[in-house]
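S.K.: Provided below are the primary sequence and the corresponding predicted coordinates.
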Amino acid sequence: MKKPLLAVTLFLLALTQVNAQDKMKKHSGETLDVKVLRVNDLTINYKYPGEDAEQTIGKLAVAEITYSSGRKETISDKIVVNG
């Protein structure tokens, strides 16, 4: 009984890791579940899960990225314009 339960548990853990996504937090407060492809000098290229279309966003709109491995990368500070 223990071996089948262990096998099912390991399978579910492996499946979770395959579908792990990166989290991109924007300065607007919105968090996107995406797969980050590239971080360039001024832009970030990413894809939404289940899509093939590549998206691009400016680095100044993104606060941080939390990769599926757990590593966090600060991208830019929020710029507030008064007046």
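M.R.: Structure received.

S.K.: how much distance is there from the longest strand seen in the chain to the middle of the chain?
M.R.: Identified as the longest strand of the chain according to DSSP state E is strand 31-39. Averaging C-alpha positions (C-alpha atoms, centre = their mean, to the nearest Å) puts strand 31-39 4 Å from its chain's average.

S.K.: Please give me every residue in contact with the spatially most central residue of the chain.
M.R.: Geometric centre of the chain, nearest residue: Asp22, 1.7 Å, by C-alpha atoms, centre = their mean. Neighbouring residues of Asp22 by C-beta atoms under 8 Å, 6 or more residues apart in numbering: Asp33, Val34, Lys35, Val36, Tyr46, Ile65, Thr66, Tyr67, Ser68. C-betas here are computed from N, CA, C, even on glycine.

S.K.: Could I have the buried ones of these as ChimeraX selection syntax?
M.R.: If you want just the buried ones from those in ChimeraX, going by 16 or more other C-beta atoms under 10 Å, the selection is:
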select :34,35,36,46,65,66
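
S.K.: Just give me the closest of the contacts of Asp22 to Ile75.
M.R.: For those, the closest approach to Ile75 (C-beta to C-beta) belongs to Ile65, at 6.3 Å.

S.K.: quick one: that closest one is in a helix?
M.R.: No. Read with DSSP: H, G, I helix; E, B strand; the rest coil, Ile65 is strand and lies in no helix.

S.K.: Enumerate every residue touching it.
M.R.: Asp22, Lys23, Met24, Lys25, Val36, Val39, Ile44, Lys72, Glu73, Ile75.

S.K.: Any chance of the backbone angles for the third one?
M.R.: Phi and psi for Met24, reported as degrees, to the nearest 10, are phi -110, psi 120.
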